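Q: Dropping a prediction and its sequence here:
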Amino acid sequence: MVNCLKRAERQWILRPMRLLIRTALGTLLFVTMTVAPSGCGSSAKGSPDNTHSTAALKAAYNASIQAYLKPDPEKFCSSLTARGQQRLVAELNSGGITVGDGRVKDCKDAVMAAYALMKMFSVAPKETITAAAVAGDNGTVHWVSKSATSTDKGVAKLVYQDGRWLIDDMGSSDSGSSDEEQAKADISRWLSNWCSLKPGMTKAEAIAKMGTPTTSYDATQATPQLNWEQGAYSFTAFMDTDNVLDQLQADYSHLGKRDRSKLSCPDTRR
């Protein structure tokens, strides 16, 4: 996030968050960064315009991410435009992320909700800035994020307002929306079919309803089970050694009201 381009891919949230949202919160969300040599711009008089250099752009972005990771909600939110804050809140709410017992209400809520989720799942991909550019009062930071299971790319957009670089868009994926659309489709399928699973069903019947598990284990690895998990969504079907479902366990605690209303069954069924 600092210097002339090449900051650790910013998949914070969620993306989560992203990263997080991806989420999210992606993701989205995360940390390590490499610094490239600083670049320079020129003012109308021919003298260096440090405020509009790529170094200044990355420094502003880096400071924002560090505030996010700390977390320092007030400092982080002040580094976003009003639209950037609105986008962050909307992204977390669309992913079913909650803070306390309710929906994310504002940017500070979003930061704390994303931080709690990252801490819970120990999400920390390594990010690297691959490029940065300034065009007038607009700046872009390209990033790559790598975790144990995936590699993502994206672009964060910043604008120069009131003497500061502010983040306006946290980092849409360079690779398109296919992964995001697939994730939404999977979650929709889980919410629609989870309560139709019953103890006594076979492993094949469960997969036919819920789709391919995100992870699964047999008796040689752990208690035989099928897991469908992503961000705030967690559904587990435990089985006996004959691959017959004997217990269904879900975690509803991080779901928003809209998603929770789609699940009429209790979180544990035997």
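A: Perfect, I can see it now.
Q: my guess is H254 meets A232, correct?
A: Yes. Assessed by Cβ atoms under 8 Å, H254 is found in contact with A232 at 3.8 Å. C-betas here are computed from N, CA, C, even on glycine.
Q: Okay, strands next: where are they in the stretch 1-150 of the chain?
A: Secondary structure of the stretch 1-150 of the chain, counting by DSSP state E, counting those that start in this stretch: strands at 98-99, 102-103, 126-135, 138-146.
Q: Can you redo those as a markdown table, where the extra columns are distance to K203?
A: Formatted as a markdown table, these follow (distance: least, Cβ to Cβ, whole Å):
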| stretch | distance to K203 |
| --- | --- |
| strand 98-99 | 31 |
| strand 102-103 | 36 |
| strand 126-135 | 36 |
| strand 138-146 | 33 |
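Q: Switch the ones you listed over to JSON lines; also include mean neighbour count and distance to Q85.
A: As requested, the strands of the stretch 1-150 of the chain are exported to JSON lines (neighbours: other Cβ atoms under 10 Å; distance: least, Cβ to Cβ, whole Å):
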{"stretch": "strand 98-99", "mean neighbour count": "22", "distance to Q85": "15"}
{"stretch": "strand 102-103", "mean neighbour count": "14", "distance to Q85": "15"}
{"stretch": "strand 126-135", "mean neighbour count": "20", "distance to Q85": "21"}
{"stretch": "strand 138-146", "mean neighbour count": "23", "distance to Q85": "18"}
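Q: about what we covered before: between H254 and A232, which has more neighbouring residues?
A: Remark: of H254 and A232, A232 carries more neighbours, 30 against 20, as counted by other Cβ atoms under 10 Å.
Q: picking that back up, of the strands of the stretch 1-150 of the chain, give the one that comes closest to T220.
A: strand 138-146 (30.3 Å; Cβ to Cβ).
Q: got the angle between the closest one and strand 126-135?
A: Inter-element angle recorded for strand 138-146 and strand 126-135: 160 degrees (by axes from the mean of the first three to the mean of the last three Cα atoms, to 10 degrees).
Q: still on that earlier bit, now the strands of the stretch 1-150 of the chain as CSV including mean pLDDT and distance to P199?
A: Compiled in CSV, the strands of the stretch 1-150 of the chain are given as follows (pLDDT from 0 to 100; distance: least, Cβ to Cβ, whole Å):
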stretch, mean pLDDT, distance to P199
strand 98-99, 68, 29
strand 102-103, 76, 33
strand 126-135, 81, 42
strand 138-146, 83, 40
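Q: Please identify which of these is closest to A208.
A: Across the strands of the stretch 1-150 of the chain, A208 has its closest neighbour in strand 98-99 (30.5 Å, Cβ to Cβ).
Q: Output the below-cut-off pLDDT ranges for the stretch 151-270 of the chain.
A: By pLDDT under 70, the weakly predicted segments of the stretch 151-270 of the chain are 171-180.
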